[in-house]
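In: Dropping a prediction and its sequence here:
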Amino acid sequence: MHSITEQIKTALTANNAVLVAHYYVSAELQTLAEETGGIVSDSLEMARFGQNCDADTIVVAGVKFMGETAKILSPEKTVLMLDKNATCSLDLDCPIEEFSKFCDQHPDRTVVVYANTSAEVKARADWVVTSGSALKVVEYLKEQGKKILWAPDKHLGNYVQQETGADMLIWQGSCVVHERFKADALAILKKHHPQACVLVHPESPQSVVDLADVVGSTTVLINAVRDRDEQTFIVATDNGIFHKMREMAPHKSLIEAPTAGQGAHCESCAHCEWMAMNTLDNCLSSLNTGNNEILIDPSVNQKAKESIQKLLNFTA
Ligand code: 13P
Ligand code: SF4
């Protein structure tokens, strides 16, 4: 019997399929994606890669909004998730009915939504952004004199508002993983490692962002570990990212930012439960059965595509 990775490789070839993985999934899946001509990246590059590749099937190791984005951009391709129940608290925090009403109440505002949303919410938006592109897009809209309705991440929204000074009305969603990082405990950890560089994903609370040396998308944080002179990094994002950071800079020390401290729910919970639903077993099973296929209503798909395509053109 061949190993599970060998079986997945065979199934990928047989289906002319490509594996597109996020930095937060397991090391095995990340390695497999790279070994088989797929990609491991942030959500912006996952979207771009899926659209540009000539595979018939895109297998998305990540969460539902990433699979939906791939399908929206390539409706002619088959898009498979490893587990369709792998969602995101930001997506769950922004149901389309309520969001649509909110947009209707503010027709004077340009609707900008984070990629971590459903296809329907993207279809209701004027622009879709990712953490790697939000600042540039909002800066551009501000220069055009636009007022913005932002959803769903309040922390990323507050950060973008503070950095750009744009007029933003902000929906109150949050990421359950990043919200657990604790500023008080991080300040104490920094005192123990005065030379360390602090890396923070902007889905984290403002008090944590305020302690950062680098704030950015997963790709920006990984590149900081590779490129900066410091030897020690305190990392406030999902710990799945450590795999790529270690690969890029094996001699550097990485420390998880604390999720414990006053008001914490757990000792160290810096891992997304939905990202953790992606396994080698369900990768093979999705490829063999075609289960977990993403399907989107064509009219929703078309509108959502316009909003995402704007972003891809803007960041090209
Ligand atoms: P990135 O676009 O920075 O990869 O972020 C996606 C995400 O879900 C972070 O929690
Ligand atoms: Fe969503 Fe947070 Fe998980 Fe990213 S880490 S997929 S934002 S719940």
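Out: That came through fine. Ligands and ions are numbered 1, 2, ... in the order given.
In: give me phi/psi at whichever residue of the stretch 51-200 of the chain sits closest to ligand 1?
Out: Residue nearest to ligand 1 within the stretch 51-200 of the chain (Cβ to the nearest ligand atom): residue 131, separated by 3.9 Å. Backbone N, C-alpha and C define where each C-beta goes, glycine included. Backbone torsions for residue 131, taken as degrees, to the nearest 10, come to phi -60, psi -30.
In: Kindly tell me how buried it is, as a neighbour count.
Out: Counted with other Cβ atoms under 10 Å, residues neighbouring residue 131 total 27.
In: so what's it up against?
Out: By Cβ atoms under 8 Å, 6 or more residues apart in numbering, the contact set of residue 131 is 42-43, 114, 156, 201-203, 216-218.
In: Most neighbours of all these, which one?
Out: When neighbours are counted by other Cβ under 10 Å, residue 114 leads the contacts of residue 131 with 30 neighbours.
In: Report the beta-bridge partners for that one.
Out: Under DSSP bridges, the beta-bridge partners of residue 114 are residue 129.
In: So it is in contact with residue 155, correct?
Out: No. The pair residue 114 / residue 155 is not scored as a contact, 10.6 Å apart, by Cβ atoms under 8 Å.
In: Show me which residues of the stretch 201-316 of the chain sit near ligand 1.
Out: 203, 217-218 (Cβ under 6 Å from any ligand atom).
In: try it again with 8 Å
Out: Counting by Cβ under 8 Å from any ligand atom, the stretch 201-316 of the chain comes close to ligand 1 at 201, 203, 216-221, 237-238, 272.
In: Output those of those also counted as contacts of ligand 2.
Out: By Cβ under 8 Å from any ligand atom, the members of these lying near ligand 2 are 203, 237-238, 272.
In: Which of those residues sits closest to ligand 2?
Out: residue 272 (3.3 Å).
In: count of neighbours near the closest one?
Out: Considering only other Cβ under 10 Å, residue 272 is surrounded by 24 other residues.
In: can you check residue 86 too?
Out: Neighbours of residue 86 using other Cβ under 10 Å come to 25.
In: Look up which helix or strand it falls in, please.
Out: Using DSSP states H and E, residue 86 falls within no helix or strand.
In: I'd like to know how far it sits from residue 37.
Out: 23 Å (Cβ to Cβ, to the nearest Å).
In: And residue 242, by the same measure?
Out: 24 Å.
In: out of those two, which sits in the more crowded spot?
Out: Set residue 242 next to residue 37 and count neighbours by other Cβ under 10 Å: residue 242 wins out with 20 against 12.
In: isn't there a helix covering the more buried one?
Out: Yes. Under DSSP: H, G, I helix; E, B strand; the rest coil, residue 242 sits within a helix.
In: now the closest residue in space to it that isn't next to it in sequence, what's its secondary structure?
Out: Leaving aside its chain neighbours, residue 242 sits nearest to residue 254 (5.5 Å; criterion: Cβ to Cβ, 6 or more residues apart in numbering). The local conformation at residue 254, judged by three-state DSSP, is strand.
In: check contacts around residue 254.
Out: With contacts defined as Cβ under 8 Å, 6+ apart, residue 254 is in contact with 225, 232-233, 235, 242, 245-246.
In: Now that we have the residues you listed, which of them are buried?
Out: 225, 233, 235, 242, 245 (16 or more other Cβ atoms under 10 Å).
In: any idea how far ligand 2 is from the second one?
Out: Going back to what we said before, that points to residue 233. Distance, residue 233 to ligand 2, by Cβ to the nearest ligand atom, to the nearest Å: 19 Å.
In: Now do the same contact list for that residue.
Out: In this structure, residue 233 makes contact with 196-199, 224-225, 245, 252-255, judged by Cβ under 8 Å, 6+ apart.
In: Assign a three-state SS to it, would you?
Out: strand.
In: Kindly report the same for the last one.
Out: Counting by three-state DSSP, the backbone at residue 245 sits in helix.
In: what's the closest non-adjacent residue to it?
Out: Counting by Cβ to Cβ, 6+ apart, the residue nearest residue 245 is residue 225, at 4.6 Å.
In: State the phi and psi torsions of the one you found.
Out: phi -60, psi -40.
In: Would you mind confirming that it makes contact with residue 213?
Out: No. With contacts counted by Cβ under 8 Å, residue 225 stays clear of residue 213, the gap being 11.6 Å.
In: Now do the shared contacts for these two.
Out: Joint contacts of residue 225 and residue 213 (Cβ under 8 Å, 6+ apart) are residue 199.
In: Can you identify each of the helices in the stretch 51-200 of the chain by residue range?
Out: Under the criterion DSSP state H, counting those that start in this stretch, helices of the stretch 51-200 of the chain are mapped to 64-73, 89-92, 96-105, 119-124, 134-143, 154-164, 183-192.
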